[in-house]
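>>> based on what follows, work out the 3D shape:
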Amino acid sequence: MIAYLILCTLLVPANLWATITPHLHSEVSMRLLHALSTAVLIPPLVSLWRQRRSVQPLPALLFAPFSVVLVVVNTHIALMGMGVRFGWIDHLFLTIACLAVIAFYLLTGDEAEAVDPRDQGIA
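Here you go, the predicted structure:
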């Protein structure tokens, strides 16, 4: 988990740099950045799906569609390559998404997983 959060933290300045300097990076580095940025969005989406009955609806409603759209768009970019018009906006959104992932895991902590076994039968 620590390594995952460190990776998310490192992707924030990388995506900010790609926002400031669009299309000044190589094809391989661009595909790697988009692939890694997409990969870090999948675990919180899976976690949201598994905990959908216990998460707060407003943050989940904001984060889930935003992340799903970013996963679809960035998977396409990682597979098809450069040449996306207004790609700097995508990097800005990826920066926001990485910050949201960090906040998601740091603010939820282990609260959702720390369920007393005696309470599982109570609805």
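
>>> any idea which helix or strand comes after the helix or strand hosting Asn74?
For Asn74, the host element (DSSP states H and E) is helix 57-80. Downstream of helix 57-80, the next assigned helix or strand under DSSP H and E is helix 87-108.

>>> what does that following helix rub up against?
For helix 87-108, contacts defined as Cβ atoms under 8 Å, 6 or more residues apart in numbering pick out 1, 4-5, 8-9, 11-12, 15-16, 18-20, 22-23, 34, 37, 40-41, 44, 47, 59, 63, 66-67, 70, 73-74, 77, 84. In this view, the C-beta of every residue, glycine as well, is placed from N, C-alpha and C.

>>> only the buried residues of that helix, if you could.
For helix 87-108, the buried set under the neighbour-count rule, 16 or more other Cβ atoms under 10 Å, comprises 87-88, 90-95, 97-98, 100-102, 104-105, 108.

>>> tell me what angle it forms with helix 57-80.
140 degrees (axes from the mean of the first three to the mean of the last three Cα atoms, to 10 degrees).

>>> now helix 87-108: mean pLDDT?
Mean pLDDT, helix 87-108: 84.
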